[in-house]
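K.L.:
okay, sequence plus prediction incoming.
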Amino acid sequence: MQTTSPPERPASPSGPPALVIGAILVTVGLILLVAQLADFAIGDLGWPLWIVGVGAVLLVLGLTVVSERGLVIAGTIVTTVGLILLYQDATGHWESWAYAWALFPAASGLGLALWGIRSGAGSEFRAGTWGLLGGLAFFAVAFLFFEGIIGLSGDRLPIADWVLPVVVIGIGVVILARGLMQREPAADERSA
C-alpha cells in the first residue's frame with residue numbers, strides 16, 4: 001500500500017506568516033500604548049472602528065499570510081459593514097440601512113478584484129470589477145429611490161423626477177452592452 005503525503009502549501013511571497021502576524025500585533029500594541037500614554041481612549045473614536053479594524057486585519061491576512069480569496073472577500077465585506085456603521089453612528093442616519101446593504105455585493109466585488117490583482121488572475125479581477133460596479137449601481141438606484149422619491153430621511157433630495165428613470169436606463173444599457181460583448185459566436189461563425 002502506497003501512502004501519499006498531502007501537497008505542500010507554497011510559501012507565502014511575503015515571508016513566513018509569523019512575521020506578518022507578529023508585525024500586526026506589534027503595530028496594534030504600539031497604537032494602544034501611545035493611546036494610553038496620551039490619555040486617549042480609543043473607544044472615543046466610535047465602536048464601529050473596531051469592526052473596520054477587524055475587517056482590515058482579515059483583508060491583510062488574506063492578501064499576505066494565508067493567500068485565500070475567501071478571507072480577502074470577507075475582509076472587504078466586514079470593513080464595509082464597519083464603515084457603514086461608522087457613518088450611521090456619526091450621523092444618526094440609521095434608516096439608511098434600507099439601501100446601504102446594497103454595498104455588500106460591491107464590497108464582495110472589490111474583494112474579488114483585489115484577489116485578482118494579488119493572484120494575477122485577470123478573469124477574477126474582471127469579475128470582481130463588474131461585481132463592484134454592479135453593487136455600486138444597485139446602491140445608487142436604491143439611494144435615489146429611498147432618498148429622492150420617498151424621502152426616507154425626512155426630506156426628498158432636490159433632484160428632478162426624471163433622474164431615477166434615466167439612471168436605471170443608463171445602467172440597463174451598460175448591462176446590455178456587456179451581455180452583447182460576451183455573447184458566444186454562433187456555431188456557423190465558429191466553424192468559419
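P.N.:
Happy to help now that I have it. Numbering: from 1, shown residues only.

K.L.:
tell me which element the residue nearest the centre of the chain falls in.
P.N.:
In the chain, the centroid-proximal residue (CA atoms, centre = their mean) is Ala107; its distance is 2.0 Å. Per DSSP states H and E, Ala107 falls inside helix 103-119.

K.L.:
so which bits of that helix are buried?
P.N.:
Residues 103-116, 118 are the ones in helix 103-119 that count as buried (16 or more other CB atoms under 10 Å). C-beta coordinates here come from the backbone N, C-alpha and C atoms, glycine included.

K.L.:
what of stretch 125-135?
P.N.:
Burial within stretch 125-135, assessed by neighbour count using 16+ other CB under 10 Å, is assigned to 125, 127-128, 130-135.

K.L.:
tell me which of those residues is nearest to Met181?
P.N.:
Distance to Met181, by CB to CB, is smallest for Trp130 among the buried residues of stretch 125-135, at 11.6 Å.

K.L.:
the closest one contacts Ser108, doesn't it?
P.N.:
No. Applying CB atoms under 8 Å, one finds Trp130 not in contact with Ser108, separated by 11.4 Å.

K.L.:
just put the buried residues of stretch 125-135 in JSON lines and tack on pLDDT.
P.N.:
Below are these laid out as JSON lines (pLDDT from 0 to 100):
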{"residue": "Phe125", "pLDDT": "90"}
{"residue": "Ala127", "pLDDT": "88"}
{"residue": "Gly128", "pLDDT": "90"}
{"residue": "Trp130", "pLDDT": "88"}
{"residue": "Gly131", "pLDDT": "89"}
{"residue": "Leu132", "pLDDT": "92"}
{"residue": "Leu133", "pLDDT": "89"}
{"residue": "Gly134", "pLDDT": "88"}
{"residue": "Gly135", "pLDDT": "90"}
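
K.L.:
what's the neighbour count on Gln36?
P.N.:
Number of residues near Gln36 (other CB atoms under 10 Å) recorded here: 11.

K.L.:
okay, and it sits in which element?
P.N.:
Judged by DSSP H and E, Gln36 forms part of helix 17-37.
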